[in-house]
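A.B. asks: Structure for this input, please:
(2 chains)
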Amino acid sequence: MSMLALSYYNYWVVIVLMMIGFYVVIAQGNLVKKIIGLNIFQTSVFIFYISVGKVEEGSAPILAEGIDVYSNPLPHVLILTAIVVGIATTAVALALVIRIKQAYGTVEEQEIQIRDQQC
Amino acid sequence: MLSHLPILQVILPFLAAPLCLILRKARVAWLFALLVSVAALAISALLLRQVYATGTISYALGGWDAPWGIEYRIDLLNAYVLLIVSAISAVVMLGAHTSVRHEIAETKQTLFYALYLLCFSGLLGIVATGDAFNVFVFLEISSLSTYTLIALGRDRRALWAAYQYLIMGTIGATFLLIGIGFLYMMTGTLNMHDLSVRLEAVESTRTVMAAFAFIVVGTCLKLALFPLHLWLPNAYAYAPSMVTAFIAATATKVAVYVLLRFLFTVFGARFSFELHPLAEILIPLAIIGLLSASTVSISQPKVKRMLAYSSVAQIGYIVLGIAMGTALGLTAALLHIFNHALMKGALFMALGAVVYRMGGSDISNFRGLARTMPLTFWAFVIGGLSLIGVPMTVGFVSKWYLILAAIELGWWPVVIVILVGSMLAVIYIGRVVEAGWFGEAENPTRREAPWSLLVPVWLLIAANIYFGLDTRLTVGVAESAAAYLMGAGVSP
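C.D. replies: Okay, here's the model as predicted:
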């Protein structure tokens, strides 16, 4: 049993990170902290993709003499795209938070809701 | 040239988007965006004709054949959804200049057109591609531009709505990404067609089941199925009028398309409905969604928000049709995708005209509208009748097919639910019509909306009536697409 848990340790890392990120997104009232949570959540998926591409005994996917087992480079390429998407999302989210701060004067979820109800 | 239509459909608005920024002048950018939308509409019409004539079109991007390269695969279903999206975009663009000039700051108008085209190309890309990972990329292109478009709303609550949508939308898209990762892990391919063939060998593994769950939940977040609809009402209510008209008519429909594509093409109808209890989960959610959202919309003081809740309810009808798992139910769902795009497009455009003249979309702004703005008012009434499902409008056609599908299965309670949903629509549309007809106008000197807004509104209303009477095109396409989807899981 413990062998099983250890040999899949990359998935445990992914699951733990994912849950931390998800929890932060849900539980935090601060808008910037929510974005940080979202980033952790996305990063866990990146790690998942990257670790899936690993082939046992495989070398880095660069052609070289004397090596015939390579790791799968495709998930890495895919996740490069996803990382770019993640950065774009973070940028848009932070820009929105700046605008929210200007418009409401706060970045706390509860206070925004209170101010919305007042008007 | 004709053989490159699948990629032209997506790349044209995609390249046009940054060009808008160079044009600087808002009017020029608008003309350009309109031109691109009309060109996209022409391309999608050609594509549909080509699919009818020669069958499924496969386009290898960059000359790399599938499954190694990215494949754009246009079958009847895509061609149909592409046509809906580009037709709505062309009509919305027609009226956009008048409304945008009024609602968005002058410095941001060219930006609006750039973002709009980007969102448009993202939606087209999701539909055109035959590659699962490509769906995720285009989904994020369209979503990111949608968040920004919503944030252009005048009310500061638009910012908050955009932020909430961003958080939920990103979680949904990431779920989809996880699901696609699982599928790649098990099959080593990302091509949807290839996936459908290879999945059969591993369909009983837990990894594929997890992939299925992640993809369904992720797309349901995007299409705003109850209880994952929380982002939708505020996003629609506070976005600029033209943005609401566009995304209400297209974005959720495209998400429904993604769901259909994964359920029927990638996993196959047998996997989704026979091996897994998907129907047992989706049907209660769809029913609760359509009843609760319709009920909530009755008490909304803001008409725009009321229509937003009504959109959640209409998604309930569509998902209900899909979850029946029969060809007839699927036909009804596909019809409602088209028809709901027409009616919500028309209603939100009419609302845009009201906002233009009255400065708001509260129910009080509708008082006396029948006398001050009769053309807008009657457009709203006919659009509302279509939403209710009165005969001779498109709303009737899809509700009729949905009821037929329910009767075919012998689900009488579901038939009653559909009828009750229509009754609730009578109440919430009736409230607005009552205010417009019997209410006293606060300012009786208000004039009719300008022609540039009335023409697109009435174009959509005319389509509402035309496709309500002449159902050959819509029902024909929907029936063949449904038959194709039901068979797709069996034959390779």
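
A.B. asks: quick one: secondary structure of the closest residue to chain B within chain A?
C.D. replies: Nearest residue of chain A to chain B: A:Ala103, at 3.9 Å (CB to the nearest CB). From N, CA and C alone the C-beta is placed, and that goes for glycine too. Of the three states, A:Ala103 takes helix under DSSP: H, G, I helix; E, B strand; the rest coil.

A.B. asks: how many other residues sit next to the nearest residue to it once chain neighbours are set aside?
C.D. replies: Leaving aside its sequence neighbours, A:Ala103 sits nearest to B:Arg156 (CB to CB, 6 or more residues apart in numbering or on different chains; 3.9 Å). B:Arg156: 18 surrounding residues under other CB atoms under 10 Å in any protein chain shown.

A.B. asks: before we move on, what about the one 10 residues further on?
C.D. replies: B:Leu166: 28 surrounding residues under other CB under 10 Å.

A.B. asks: Compute the distance from the centre of the host helix or strand of B:Ala370 to the centre of its chain.
C.D. replies: Assigned by DSSP states H and E, B:Ala370 belongs to helix B:369-372. Distance of helix B:369-372 from its chain centroid, counting by CA atoms, centre = their mean, to the nearest Å, is 30 Å.

A.B. asks: Need the residues that contact that helix.
C.D. replies: For helix B:369-372, the surrounding residues in contact (CB atoms under 8 Å, 6 or more residues apart in numbering or on different chains) are B:354, B:357, B:376-378, B:380, B:435-437, B:439, B:441, B:443-448.

A.B. asks: Equivalent analysis for stretch B:356-364, please.
C.D. replies: Outside stretch B:356-364, the residues within contact range by CB under 8 Å, 6+ apart are B:98-99, B:102, B:241, B:301-304, B:351, B:354-355, B:365-366, B:372-373, B:376, B:431-432, B:435, B:442, B:446-450, B:453.

A.B. asks: just how off-centre is it within its chain?
C.D. replies: 25 Å.

A.B. asks: Would you agree B:Leu2 is in contact with B:Leu46?
C.D. replies: Yes. Applying CB atoms under 8 Å, one finds B:Leu2 in contact with B:Leu46, separated by 7.2 Å.

A.B. asks: Compare neighbour counts for these two and give me the winner.
C.D. replies: Shown here are B:Leu2 and B:Leu46; by other CB under 10 Å, B:Leu46 has more neighbours (15 against 9).

A.B. asks: tell me which element the more buried one is part of?
C.D. replies: helix B:26-54.

A.B. asks: before we move on, the earlier item: contacting residues around the residue nearest to A:Ala103?
C.D. replies: Applying CB under 8 Å, 6+ apart, we find B:Arg156 in contact with A:Ile100, A:Ala103, A:Tyr104.

A.B. asks: What is the burial count for the first one?
C.D. replies: Around A:Ile100 there are 20 other residues, counting by other CB under 10 Å.

A.B. asks: which residue packs closest to it, ignoring adjacent ones?
C.D. replies: Leaving out its chain neighbours, the residue that sits closest to A:Ile100 by CB to CB, 6+ apart is B:Leu159, at 4.9 Å.

A.B. asks: which strands and helices sit next to whichever strand or helix holds that neighbour?
C.D. replies: Here B:Leu159 sits within helix B:157-187, counting by DSSP H and E. Helices and strands touching helix B:157-187, by 3 or more CB pairs under 8 Å, 6 or more residues apart in numbering or on different chains; DSSP states H and E, are helix A:9-27, helix A:31-52, helix A:74-104, helix A:109-118, helix B:132-151, helix B:192-199, helix B:206-223, helix B:232-238.
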